[in-house]
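*Asks:* Show me the folded form of this:
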Amino acid sequence: MNASTLEHTVEDFLDRVRSIETDQGINRGSLDAIGELAAGLAQHKDLFDKERFPPPGDGGRSALYLLNEDDDHGYAMYLVCTQPGNGAPPHDHTTWAVIVGFEGDEENVLWERIDDGSAPGRAEIRETGRVVLREGDSIAFGPDDIHSIKTVSEGSTRHIHLYGKCFDQQTERVFFNAEKGPVKNMPSGLLPIDVSRRVL
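*Replies:* Have a look, this model is predicted:
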């Protein structure tokens, strides 16, 4: 693998995303445009090979590799590998997000909050749809969008995630319990992130 080619690919992608945000701002239309752009990264998935970005081992559920994070903690880009059967319960991100599939199948269940938010620590959500993210597919979320994820393929997934701010800055991010109703904030630093393979 040519590391300089990997760096150029990531840098070129982020420059194009920045141009979209500069021209259109962040809204549903621009997020869809960023998603289309991100889907093109699947053509270069060989640059993000398993030798440099291995899947989790020793019973690990997932591996998160930081590729880029701006000085202001924006434009946080990760390569995420998740083992079969693993995922995350319903949650938001409090920032925009775009995800593109490289390998494996990830089911995204989409939810909406239907209570008025007046009861502290409680919430009521309902399912609004399901999308299976496969190679070359992309999906985009706004700050208040809620989804849950699960790897449904026999092998692990490898996806690129791009966020308006990095995980450690998503301090108001909320996990929802669809059956029982409680909500809780995700503590900062809960997700172990490998920064040793950072590209930019």
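*Asks:* Span of stretch 21-29 from start to end?
*Replies:* Stretch 21-29 has its terminal residues 11 Å apart, counting by Cα to Cα, to the nearest Å.
*Asks:* what pLDDT, on average, does that stretch get?
*Replies:* Mean per-residue pLDDT for stretch 21-29: 97.
*Asks:* do the same with stretch 118-130
*Replies:* 94.
*Asks:* helix, strand or coil for the one residue sitting closest to the centre of the chain?
*Replies:* In the chain, the residue lying closest to the centroid (Cα atoms, centre = their mean) is residue 161, at 3.7 Å. Here residue 161 is strand, with the state taken from DSSP: H, G, I helix; E, B strand; the rest coil.
*Asks:* Just give the closest residue to it, not the sequence neighbours.
*Replies:* In this structure, residue 161 finds its nearest non-sequential neighbour in residue 78, 4.6 Å apart by Cβ to Cβ, 6 or more residues apart in numbering. No exception for glycine: its C-beta is placed from N, CA and C like everyone else's.
*Asks:* So what's the residue count around the one you found?
*Replies:* Using other Cβ atoms under 10 Å, residue 78 has 22 neighbouring residues.
*Asks:* Equivalent analysis for residue 158, please.
*Replies:* Residues near residue 158, counting by other Cβ under 10 Å: 23.
*Asks:* Output the lowest mean pLDDT helix or strand found in the chain.
*Replies:* When each helix and strand of the chain is scored by mean pLDDT, DSSP states H and E, strand 183-185 comes last, with a mean of 84.
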